[in-house]
Structures are given as structure tokens and as C-alpha cells.
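Student: Coordinates only, no sequence provided:
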Ligand code: SF4
């Protein structure tokens, strides 16, 4: 309860003032990936020299103010030390309330299960695993470039939902990335998933738009976007969501409505809070305002693993000036938008 109050207070504070230090860390712990997605080129990178367990421990120790750690990849479960990485943040960030992490479902399910069981022992109040799912069976396998990926995603989702009985703080959702390859296909995907998990509703799907980024997806220039026509599909998904008492329900609804606006206009619907509410660190310790914004402000290896001096350096100042002038790149991703919305509570109710 104390940790929930902590993150709620920080989010509330972000409505009235600049925070100075981000409370959400978006951290790509590895660029290794065994998928072959046509919407992302991370799998083509063969990463070497990524941050070691020891370096990540030091990073967590020096930056113990995160309340929400969003681990991403690549495929996070490809890191053999994933449990140790989570442990490092849990032990150092005393106010850590939320851990979020995607999976492509291609790692050995028993190894994922045993590592999730270890992670759940840490007692982080809320853990959300997003199981990537971009279509019905044939479409998902085609977009992901891996035969059998749909069935593996169903297996991992079922396994995580099974764990929820013992660990109510754990949740699994489907992460659906709308691109030009699956636009108009959400309903068919939903129907196919419902045959396997009849209890699933629209609320169990988190929708994103396929986007291009130089510093993260390594796919700038690729023709993958769903285009403005997808706004109607997004509005339909938004309207089909069931009302719940979870405050995040409002945030997610607002995220989706703004995603439809973003699809229509190609403009960020709301000014970003990069480097204030959130920050992105890649597998080598490079620090960026967001996963979409290729403006490196430094590397934690050169700063003794302490983000604070980097957040106050000349490059960070330039980023803030760009934001103030409304010149940040167009972006609306789930990694950054939730913090933006939590800083605009008046618009949610
Ligand atoms: S979208 Fe995810 S699973 Fe697909 S290549 Fe990129 S990192 Fe890998």
C-alpha cells in the first residue's frame, strides 16, 4: 500500500511541477531476439558488449528512485540473469511499485515459468507481462516470421494466468501492435483467442501502433505504419472495453483515444514528459529521452552509472528546450504515454 501511495503521489505531483528525476525507467536489457518480425529490425542486431549483471546492479544502486521499471528487449528472457536484474531494482528502489515486461513467447516455457516464480518472490506489488500477439494464428506467425509462434504465445499466456491464482499482483495481457500488415484484423484475432480463453475481453489487449525509430527498432524508413485509416479500428477497440474500477482503466482508455488521434494526424497528441517522468536506457547504457527519440544524452558507463549528472548535462538541456518549443519527434508509445497521461489527471475524468 505504501508503494502504491508513493507512485500515486509522484504521479499527482507531476500534474503541478517538473519532477527533476524520472520515476519510470524504460530499459532495453538486451537487443538479442529470436523473432524475425517484419515490423522491427532488432532481431537483425547481434549485440555484444551489453551491460553486465554487475553494471546493472551498480546502475540500480545509484538510481534508486524508480517506482516503475519497464524492462524491454529484444527478448528479456534471453538474458540468463533476468532474475538478478529484477532483484537489483527491487533491492535498491525501495518505492518500486510496478514491473512491466514483454515477451515474444519463444523461450523455453518451463524456464520462463521458473524465472517468473523467482521474480514473484520479490514481492513487487504489480507485475505485468505483455505477451506479444499481432494476429490470428497464420497472421501472427507471418508477421513474427516464426511458425508456431501463435500457439507458443497462447501457452505462455495460459501459464502466466495460471500463476495469477497464487500471485494476484501478476497479470498477463496481450500486446497487439497494429501495422499495415494486420490492420482491420483485430476482431478475427480476438475471436480466435477467445476460442482458447473464453474469459478474455478487449481489456486484455494492449494496443500499440507500429512505429519507426533509429535508436530502438532500427527500422527508420521502413514502410510498416498502419496509416490514418486505422483510427476507426482503434476507436472500436476503445469503445468495446469493459468498465472496471482499476484507475489504470481510465489511463488506458485515454491512451487508446489519443492513439487514434496520433494515427489520424501523425502528431503527438500531448506534449511529452521525456527526461522528466521517464527515460530510456539501451542495452549498452546509452541514455535517450525516449525509445522514439534518437538524441543520445550520454552513457551511464561514462557517468559512474549515475543518471543524475546526465539528466543535467548540455544534451539533456537541449532536449528540454526542444520539448518546450514543441519540436520533439512525433511519438505516442505505451512506454512513455502512461506517464504523460498520469501527469494530466484533469483530462482523464
Ligand atoms: S518486435 Fe520484439 S520480438 Fe519482434 S524483433 Fe523486435 S524485439 Fe524481437
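Tutor: Done, it's in. Only a predicted model underlies this, so the values are computations on that prediction, with no experimental measurement involved.
Student: drop to CA atoms for contacts and neighbour counts, all remaining ones
Tutor: Will do.
Student: Okay, helices next: where are they in the stretch 151-300 of the chain?
Tutor: Along the stretch 151-300 of the chain, the stretches classed as helices by DSSP state H, counting those that start in this stretch are 186-196, 231-239, 247-265.
Student: Find the closest residue to the ligand in the stretch 1-150 of the chain.
Tutor: residue 74 (3.7 Å; C-alpha to the nearest ligand atom).
Student: which parts of the chain sit against the ligand?
Tutor: The chain comes close to the ligand at residues 33, 35, 36, 37, 40, 41, 42, 43, 73, 74, 75, 104, as judged by C-alpha under 6 Å from any ligand atom.
Student: 8 Å instead, please
Tutor: Neighbours of the ligand within the chain, by C-alpha under 8 Å from any ligand atom: 31-44, 73-75, 102-104, 132, 144, 217.
Student: Strands - which of those residues land there?
Tutor: 102, 103, 132 (DSSP state E).
Student: Would you format those as CSV with pLDDT included?
Tutor: Shown next, in CSV, are those (pLDDT from 0 to 100):
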residue, pLDDT
102, 98
103, 98
132, 98
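Student: rank the helices of the stretch 151-300 of the chain by pLDDT, which is bottom?
Tutor: Within the helices of the stretch 151-300 of the chain, confidence is poorest for helix 247-265, with a mean of 86 (mean pLDDT).
Student: picking up where we left off before, quick check: nearest residue in space to the residue of the stretch 1-150 of the chain closest to the ligand, chain neighbours excluded?
Tutor: What sits nearest to residue 74 in space, not counting adjacent residues and going by C-alpha to C-alpha, 6 or more residues apart in numbering, is residue 31, at 4.2 Å.
Student: residues touching the one you found, list them.
Tutor: Taking C-alpha atoms under 8 Å, 6 or more residues apart in numbering as the criterion, residue 31 is in contact with 42, 43, 45, 46, 47, 73, 74, 75, 283.
Student: burial count for the spatially closest residue to the second one that is not a sequence neighbour?
Tutor: With C-alpha to C-alpha, 6+ apart as the criterion, residue 43 has its nearest non-adjacent residue at 4.9 Å, and that residue is residue 33. Taking other C-alpha atoms under 10 Å as the neighbour definition, residue 33 ends up with a count of 23.
Student: Just confirm residue 33 contacts residue 41, I think it does.
Tutor: No: counting by C-alpha atoms under 8 Å, residue 33 does not reach residue 41; the two are 9.7 Å apart.
Student: What count of nearby residues applies to the closest residue to residue 275 other than its chain neighbours?
Tutor: Among residues not flanking residue 275 along the chain, residue 289 sits closest, at 5.4 Å (C-alpha to C-alpha, 6+ apart). Neighbour count for residue 289, taken as other C-alpha under 10 Å: 27.
Student: my read: residue 289 touches residue 307, true?
Tutor: No: counting by C-alpha under 8 Å, residue 307 is not a contact partner of residue 289; they are 12.0 Å apart.
Student: got the phi/psi numbers for residue 276?
Tutor: Phi and psi for residue 276, reported as degrees, to the nearest 10, are phi -110, psi -60.
Student: any low-confidence regions in the stretch 101-250 of the chain?
Tutor: By pLDDT under 70, the stretch 101-250 of the chain has no low-scoring segment.
Student: all strands of it, in order?
Tutor: Here the stretch 101-250 of the chain has its strands, by DSSP state E, counting those that start in this stretch, at 126-132, 170-178, 205-209.
Student: Work out the gap between the longest one and the centre of the chain.
Tutor: The one in question is strand 170-178. Offset of strand 170-178 from its chain centre (C-alpha atoms, centre = their mean, to the nearest Å): 10 Å.
Student: circling back to that earlier point, make CSV from the strands of the stretch 101-250 of the chain and add distance to residue 254 and mean neighbour count to it.
Tutor: Shown next, in CSV, are the strands of the stretch 101-250 of the chain (distance: least, C-alpha to C-alpha, whole Å; neighbours: other C-alpha atoms under 10 Å):
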stretch, distance to residue 254, mean neighbour count
strand 126-132, 19, 21
strand 170-178, 17, 22
strand 205-209, 12, 22
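Student: of all the ones you listed, which lies closest to residue 184?
Tutor: strand 170-178 (8.9 Å; C-alpha to C-alpha).
Student: Would you confirm that residue 140 contacts residue 134?
Tutor: Yes: judged on C-alpha under 8 Å, residue 140 makes contact with residue 134 at a distance of 5.0 Å.
Student: and the residue of the stretch 151-300 of the chain found nearest the ligand, what is it in contact with?
Tutor: When distances are taken as C-alpha to the nearest ligand atom, the stretch 151-300 of the chain reaches nearest to the ligand at residue 217, 6.6 Å away. By C-alpha under 8 Å, 6+ apart, the residues touching residue 217 are 40, 41, 42.
Student: list the buried ones in stretch 286-301?
Tutor: If you call a residue buried by 16 or more other C-alpha atoms under 10 Å, then stretch 286-301 has these buried ones: 286-293, 295-300.
Student: Using the three-state scheme, assign residue 26.
Tutor: strand (DSSP: H, G, I helix; E, B strand; the rest coil).
Student: So for it, what's the pLDDT?
Tutor: Confidence score, pLDDT, at residue 26: 96.
Student: what about it, how many neighbours?
Tutor: Other residues close to residue 26 by other C-alpha under 10 Å number 24.
Student: Could you give the bridge partners of it?
Tutor: Applying DSSP bridges to residue 26 gives these bridge partners: residue 70, residue 280.
Student: Contact partners for it?
Tutor: Taking C-alpha under 8 Å, 6+ apart, one finds 69, 70, 71, 72, 278, 279, 280, 281, 335 in contact with residue 26.
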